[in-house]
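> Take this sequence and fold it.
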Amino acid sequence: MPRPLLRAAAAALALAAPALARGDVTRAQVLDAIRVFEANAVAGASSRSPGEANAAVARASNLILRFAVESADVVVDLGPDAVPWCDLKKGLPPNPTAGQRGLLLAAYVSGCVSAQLQSGRQDPGPLEGWLAMLRVYRAMRATEGASIPEVEELLARQVNGSLGAYASDAHRRSLEHLRGRYGAPQAPQP
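Numbering: from 1, shown residues only. Take a look at the predicted model:
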């Protein structure tokens, strides 16, 4: 399976994950899927059997995305401040990088889910997702010459050491947008 087709499949899975749900995804299943995703997403373009790597990434992406949507153990920010390379309200942009953006979205969700499961606490901050996404992006850049302006900006911030502060600011902006739209969270009733 060519790498562009993998990215298109990842994008489709990202948007269709709730509809494909069959049974609950367990913590053990998602951790295994994250390992498979990480091992194959970067290596897919350079492996001797890219078709197998692409199929493994597609299966792993589906499980990770289902877990992120269904599990109360994790919360993933998919707003425009957290995933500036994808506008989820409009869908993935109809351009040559749409498949790449979808694969990067799957990598971001994988990184967010992995970090939260390892820490044992929910954290909607985008930093860990960005770090996972940037690992995949670097490989895409090296093997395919990928260039996505929004991701290039995040990469530049990582290089200059300001990514962590920018992630904190993006998280704050996301919360402000949510409060502006839905109001402040209410205290639980006793």
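> OK, contacts around residue 161?
Shown in contact with residue 161 (C-beta atoms under 8 Å, 6 or more residues apart in numbering): no residues. Any C-beta I mention is one placed from the backbone N, CA and C, and that applies to glycine too.
> Do you know the pLDDT at it?
Residue 161 carries a pLDDT value of 97.
> quick one: pLDDT of the most centrally placed residue in the chain?
Among the residues of the chain, the one closest to the centroid is residue 108, at 2.3 Å (C-alpha atoms, centre = their mean). Note for residue 108: predicted pLDDT of 98.
> Does it touch residue 127 like I think?
No: using C-beta atoms under 8 Å as the test, residue 108 is too far from residue 127 to be in contact (10.6 Å).
> which helices and strands does the helix or strand harbouring the residue nearest to the centre of the chain pack with?
Element membership of residue 108 [criterion: DSSP states H and E] is helix 98-119. Packing partners of helix 98-119 (3 or more C-beta pairs under 8 Å, 6 or more residues apart in numbering; DSSP states H and E): helix 3-16, helix 27-41, helix 50-70, helix 127-144.
> out of these, which comes closest to residue 101?
helix 3-16 (7.0 Å; C-beta to C-beta).
> if we can go back for a sec, just list the residues touching the residue nearest to the centre of the chain, thanks.
Neighbours of residue 108 in contact, by C-beta under 8 Å, 6+ apart: 82-83, 126, 129-130, 132-133.
> that older thread, between the helix holding residue 108 and helix 27-41, how many degrees?
Orientation of helix 98-119 against helix 27-41 (axes from the mean of the first three to the mean of the last three C-alpha atoms, to 10 degrees) gives an angle of 140 degrees.
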